[in-house]
Each structure stands twice: as C-alpha cells, then as structure tokens.
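1. Please work out how this folds:
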Amino acid sequence: MKVLWNDQIVDREAVKIDIEDRGYQYGDGIYEVIRIYNGRCFMLGEHMTRLESSAQKIKLTLPYTIPQLTENLKLLVKTEGITEGEIYLQITRGIASHRNHEFPSAGAVKGVVTANVIPFERPLEMQHAGLSATVLPDERWLHCDIKSLSLLGNLLALDQAIEAGFDDALLQRDGCFTEASASNLWFVIDGIVYTHPDGRLVLPGITKMKVLQLCQQLEIPYREEPVPVEALNNAQECFLTNSVWEIVPIVKVDGKSVGNGTLGSITKRLQAAYIAATKSMCES
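-> As a prediction, the model looks like this:
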C-alpha cells in the first residue's frame, strides 16, 4: 500500500511519526475526506479551500502549497489505482520538542502531511433503507467549523447512540438541532428543506454545499436556519449528508418514524441528482 508522507509517495511501512508530533499529543491538526469516483477526486478544489480555511483558523502554516497538495493527492490516487473510494488527508502542526502547550513560534516547526486512499463503494442499501437516530445534547466545542483532528466529542455522542441501540446521534444545542455525529443534518417540513446555517456550531460541509446547489437547480425551496427540536414532530423527512455516505435518510428518531418511516420523495430526488453530479463531474 502506497501513502502520501509529506511530499513523497512511499510504502505505508516507511512512514514514521515522532512521539512528539503535536497531532499525536494534542490533536493539533486538521483533515479532509475526499470522495473518489471513476478515479477522480470529487469537489477537490472545495475541499482544499476548506483545508486552507481550517489551517488559518488554528494558525497552522501549511507545509506545502495548495497546488502541491492537490497534485500529490491526484498522484496518490493514480498510484493506488483505486477508482471508487476516499482519500483521508491529515496535516498536523509538526514536531515540537520538548512537549509544550504553547504554539511553537513561526518557522520553528513544519507541518506533517499524511494521506491514504481507501476503497469504498456507494452505500446504496443504507441510502435506500435509512438509519435510526437518537437526540442528544451537543457537548462539543465551539469551533465546529474547523475540521479538526479533535473529534472526541463526536465519538462520545456516536458511542452513546450505538450503546442505546441507534445508528447515529442528532445533536441539539439550546433547543435547536446542529448536526449529526459526523454529518450535516437536514429536515423537510411542509415541502421546505432546512439545514443549520454555517458558523461556529457546524462544519461547512462540502456535500452540504452541493446539496444546496441541487436544491436551487431542482427548484426545491430551502432555508438555512436552525430547526427547533420540537419541530421534529412536523418533519416529513430527515437526512444526513457527508462526503463518504453522500445523502442518507434518517427514518426513525428515538423509536418514532419520521414521516412514513421510509425514504422520502425529496431526499430521493436529491440522491438521484447528487449521483448524476458525481458522474458528470468525474467523467473520463
């Protein structure tokens, strides 16, 4: 298996991560997950823009330019020969010795880049059958707009949901839904699609960006505004979006069906349009 390590494509076994790497010790770093269709990276430019934004927000100097990172990721996909899958890209602040909470001074460290390609096919059964979920308090930090390595709050929410017999957690803060454990969250109420606006409480999702574009193209009315938890009773549809799963319906919440408990018509239209977009944007 070949991976990207800094600016080189190497065997996975050749990668050495120092014990004082700040990503390892503090979760001091950022990441992106990029979907691959037909051997091509989907919305790679948008992912790189978000990566750059996350780096700026945590005062991390990218060790390589965006064009360099982009070309190296494309080379990695070509080298691995995977046509359907995902890239996991991670950049940490780097190695600072001795261990110190304070950010190292500019130029004292160089970020460490790692990336690998994972085979993955579209989860059609999940996209059709849907998932169950439970509503939990959003106890994550207040920088959810940064795609940070620090995901413990997300993992705790997902683990709590799974231990209770559900597939995922729908997070709420101050009486309004924010996100799911690792996805942007959507509701359809009276024919209108709702999702939380971008800001510090949610990740500015790349799939979310595309779905909003598709709503415009399909003339599906939408609103970017918080949905109160009590409005769940009036929702005809609920779905999640992320780069790996694409668009997946939530058909039950805390044991109660959402709408008729099956894939909704608007969700289905958006799924079809999203798949069509992946095909047209990743043609040979």
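2. Please count neighbours and contacts with C-alpha atoms only from this point.
-> Fine.
3. for the residue lying farthest from the centre of the chain, what are its contacts?
-> With distances taken as Cα atoms, centre = their mean, the residue sitting farthest from the centre of the chain turns out to be His98, at 32.7 Å. Residues near His98 by Cα atoms under 8 Å, 6 or more residues apart in numbering: Glu20.
4. quick one, strands of the stretch 1-150 of the chain?
-> Assigned by DSSP state E, counting those that start in this stretch, the stretch 1-150 of the chain shows strands spanning 2-5, 8-11, 29-37, 40-41, 85-92, 112-119, 131-137.
5. Render the CA-only coordinates of whichever strand or helix holds Ala157 in PDB, please.
-> For Ala157, the host element (DSSP states H and E) is helix 152-163. Extracted in PDB, the C-alpha atoms of helix 152-163 (Å, rounded to 0.1, in the frame of the first residue of the first chain):
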ATOM      1  CA  LEU A 152     -13.600  13.100  20.900                       C
ATOM      2  CA  GLY A 153     -16.900  14.900  21.400                       C
ATOM      3  CA  ASN A 154     -18.300  13.500  18.200                       C
ATOM      4  CA  LEU A 155     -17.100  10.000  19.100                       C
ATOM      5  CA  LEU A 156     -18.700  10.100  22.500                       C
ATOM      6  CA  ALA A 157     -22.000  11.100  21.000                       C
ATOM      7  CA  LEU A 158     -21.900   8.300  18.400                       C
ATOM      8  CA  ASP A 159     -20.900   5.700  21.100                       C
ATOM      9  CA  GLN A 160     -23.700   6.800  23.300                       C
ATOM     10  CA  ALA A 161     -26.200   6.400  20.400                       C
ATOM     11  CA  ILE A 162     -24.900   3.000  19.400                       C
ATOM     12  CA  GLU A 163     -24.900   1.700  23.000                       C
END
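6. now it against strand 131-137, angle please.
-> For helix 152-163 against strand 131-137, the angle by axes from the mean of the first three to the mean of the last three Cα atoms, to 10 degrees is 130 degrees.
7. per-residue confidence for the residue farthest from the centre of the chain?
-> Note on His98: pLDDT of 86.
8. Dump the strands of the stretch 1-150 of the chain into JSON lines; add mean neighbour count and distance to Ala180 as well.
-> Converted to JSON lines, these look like this (neighbours: other Cα atoms under 10 Å; distance: least, Cα to Cα, whole Å):
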{"stretch": "strand 2-5", "mean neighbour count": "21", "distance to Ala180": "30"}
{"stretch": "strand 8-11", "mean neighbour count": "15", "distance to Ala180": "34"}
{"stretch": "strand 29-37", "mean neighbour count": "23", "distance to Ala180": "17"}
{"stretch": "strand 40-41", "mean neighbour count": "24", "distance to Ala180": "25"}
{"stretch": "strand 85-92", "mean neighbour count": "22", "distance to Ala180": "20"}
{"stretch": "strand 112-119", "mean neighbour count": "20", "distance to Ala180": "23"}
{"stretch": "strand 131-137", "mean neighbour count": "20", "distance to Ala180": "9"}
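9. Out of those strands, flag the one nearest Lys57.
-> Taking Cα to Cα, strand 29-37 is the member of the strands of the stretch 1-150 of the chain nearest to Lys57, at 10.3 Å.
10. Can you list the helices and strands that that closest one packs against?
-> Packing partners of strand 29-37 (3 or more Cα pairs under 8 Å, 6 or more residues apart in numbering; DSSP states H and E): helix 44-57, strand 85-92.
11. Show me the one of those that comes nearest Ile146.
-> Nearest of those (Cα to Cα): helix 44-57, 5.0 Å.
12. How far off centre is the closest one?
-> With Cα atoms, centre = their mean, to the nearest Å as the basis, helix 44-57 stands 13 Å off its chain's centre.
13. What of stretch 152-160?
-> 15 Å.
14. Over to stretch 19-29?
-> Distance, centroid of stretch 19-29 to centroid of chain: 21 Å (Cα atoms, centre = their mean).
15. now what about stretch 221-236, what contacts it?
-> For stretch 221-236, contacts defined as Cα under 8 Å, 6+ apart pick out 172, 175-178, 187-197, 212, 215, 258-260, 264.
16. ok, Ile206 - contacts?
-> 43, 46-47, 242-243.
17. Many thanks, we can stop here.
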